[in-house]
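Asks: what's the 3D shape of this:
(2 chains)
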Amino acid sequence: MEPFTIIVLIKPVPDPRKSRGSVAIDPERKTVRRQGVPLTINLADRYALEAAVALKASGVGKVVAVAMGPPDAEGAAREALAIGADEAYLLSDRLLAGSDAVATARALAAACRRVGFGAVFAGAESSDAGTGLVGPTMAALLGLPHVPHCRSIALGDRGFEAEVRVDGREGRVRAGLPALVTFDRLDRPPKSPGFAGVVAARSKPFTVWTAGDVALRADEAGMAGSPTVVREVRPASTAKRAVIIGGDPEEVATRVLAVLAEKGVLSDGR
Amino acid sequence: MAGDIWVMVRMKDGKADRAARDAMAIASAMAARTGGQVAAWVFGPEGEAPAAASEGFGGYAPDRLYVCPLGAGEDGPAGLGDALSGRRAAVAMLARTEVAEVGAVLVPEGQLALDAAAGLAVALGGAVVAHCRAVEWSGREWLYLVPAFGGLAAIACPGSGPQVISLVAGAGLVGEPAEGRTKAPEVIAVQAPAPSDRDPVVAGGPSPVALPSDALETARLVVAGGMGAGDPSGWRLISDFAASLGAALGATRPAVDEGWAPAEAMIGQSGKRVEPEVLISVGVSGDLQHLVGVGEGTTVIAVNSDPDAPIFGRADHGVVGDFRRFLPAISRRVKSGPADG
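Replies: This next block holds a predicted model:
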């Protein structure tokens, strides 16, 4: 098999360890306001990136990270280089602000066409919006087979062979090239870049693209290109005020068990 | 929006799954607004499917019922392969109609059904909405309520194109009654679409195994752990506590991300939605992304060492302190005797 390029889609998301409580909703756009919030690579995308980098040992020519986001998402794109991507592109343009899943997929698909690829890897879901729609929508836009919720992947003579876990079923799936593979978060922490990776990243190519660079028209991008619109965001439920159960562990145990007994949720009729 | 309302019906244990009735009720209300028909599309074994599917429609019969013999349905041995061809099946469905006559397509929620939903939206040139909890008539347009930003986002599709909506099980209809529909549908048999060599295929080797899936959703008592567990030993303590109560164990996204709990245990925005009688949350800060996964009818008991944790603003009972002190005491009492002592 000829060496080919794997594009890994990187979503810059608010860093869950640094952004607690500081993520706000933009009242005009009804989207998450990411400005000023430290951004990092979406966790599931890290596993996609790790898998792509690991496949370089089996003949993958190049791993290219493609991200879309505000200018301050550059750090997340550079982090992808430190983890092992060979090149990184950040698609960043005011025209793209407010893109829904379809408009996002359209913009990223345009960037993928410009880069050229043998496969596209991405996280199955993002930790902030979490629609899970961008991957499958891109597969449909690019006319690619989609291998969903991959947990491990290998490259053979006939394409990819992947372990997947979907809708409560596990199995092995094969797909020819080109293909789009989405990855789950795994039950282990992702690898960290390491000092050598960070140093190596400094000399790797990093490019910022506008919508025009990937031949995206204004009416295809951002809110104008999004078939859905958020009319309002409602609070999930009414606030409560907890009645605090005080006392030593034995007293607390008595009162907690009394609540459980009252609700009839203890087995053995307790 | 104008045109017919299509519903993709998933078969489970030989009948339409529990999402079908809700979807058919919603489709009935939407079709009343557009003046179009309701068309249901059922994948299942030939012959028995129409009657079996109709049983699950709960009095909201479609005008047209398409039956497509795509494998043996969800539970068949080839279930995964069939499910993988969902996008192909969905697009084949469109070959039976004119795009201009499609108002909306309602798809049952699932990881693979989402693939079909996305494929349909692209093929139709329309909008797609995932994780829809309720469909609401605003008096002017349909709104799709979706957990987002720690609350519920009301999403509209203002364009004229078709709308593909992925509905969670139990999705509600708000602001508009659904008229019952009892007229027997016109049943149309459809040939299964031919597999394409571009489709991913299930490779040889072990056949797909079913994982335990709905223990969390059906439990009456759930213990949910969060980052406050601190480390794997803290998580083990919470897990043992859940076991001592006979409770199902759930987790917040950060706890899953730490690798303490499997992704299947995640409760929240992109995880599971649970509504047990009682949920005991341990070391959970009260991130809204997690709390949207907990039903409003659930009594919440929160254990957290931070008296200012937002979880206390969403719980019925609170225990302020180190869970390592309190949980073992509760477990011991459960083992030793009645709770009213």
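
Asks: what segments of the stretch 1-150 of chain A are strands?
Replies: Listed in chain order, the strands of the stretch 1-150 of chain A (DSSP state E, counting those that start in this stretch) span A:5-10, A:12-14, A:24-25, A:32-33, A:39-41, A:62-68, A:87-91, A:119-123, A:146-156.

Asks: any chance of the ones you listed in a markdown table with mean pLDDT as columns?
Replies: Shown next, in a markdown table, are the strands of the stretch 1-150 of chain A (pLDDT from 0 to 100):
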| stretch | mean pLDDT |
| --- | --- |
| strand A:5-10 | 98 |
| strand A:12-14 | 89 |
| strand A:24-25 | 60 |
| strand A:32-33 | 61 |
| strand A:39-41 | 91 |
| strand A:62-68 | 97 |
| strand A:87-91 | 98 |
| strand A:119-123 | 97 |
| strand A:146-156 | 91 |
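
Asks: can you put those in CSV and add distance to chain B and mean neighbour count?
Replies: For every residue, glycine as well, the C-beta is placed using N, CA and C. Below are those laid out as CSV (distance: least, Cβ to the nearest Cβ, whole Å; neighbours: other Cβ atoms under 10 Å in any protein chain shown):
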stretch, distance to chain B, mean neighbour count
strand A:5-10, 15, 27
strand A:12-14, 11, 25
strand A:24-25, 5, 15
strand A:32-33, 6, 16
strand A:39-41, 12, 24
strand A:62-68, 18, 25
strand A:87-91, 20, 24
strand A:119-123, 11, 27
strand A:146-156, 5, 21
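
Asks: want to throw those strands into JSON lines with distance to B:Val99?
Replies: Formatted as JSON lines, these follow (distance: least, Cβ to Cβ, whole Å):
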{"stretch": "strand A:5-10", "distance to B:Val99": "29"}
{"stretch": "strand A:12-14", "distance to B:Val99": "35"}
{"stretch": "strand A:24-25", "distance to B:Val99": "35"}
{"stretch": "strand A:32-33", "distance to B:Val99": "33"}
{"stretch": "strand A:39-41", "distance to B:Val99": "38"}
{"stretch": "strand A:62-68", "distance to B:Val99": "29"}
{"stretch": "strand A:87-91", "distance to B:Val99": "30"}
{"stretch": "strand A:119-123", "distance to B:Val99": "27"}
{"stretch": "strand A:146-156", "distance to B:Val99": "22"}
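
Asks: and the pLDDT for the closest residue to B:Ala248 other than its chain neighbours?
Replies: The shortest distance from B:Ala248 to any non-neighbouring residue, by Cβ to Cβ, 6 or more residues apart in numbering or on different chains, is to B:Ala219 (3.6 Å). Per-residue pLDDT puts B:Ala219 at 88.

Asks: do the same with A:Gly135
Replies: 95.

Asks: isn't B:Ile188 right up against B:Leu65?
Replies: Yes. Using Cβ atoms under 8 Å as the test, B:Ile188 is close enough to B:Leu65 to be in contact (6.9 Å).

Asks: between those two, which one's more packed in?
Replies: Higher neighbour count among B:Ile188 and B:Leu65: B:Leu65, with 24 against 14, using other Cβ atoms under 10 Å in any protein chain shown.
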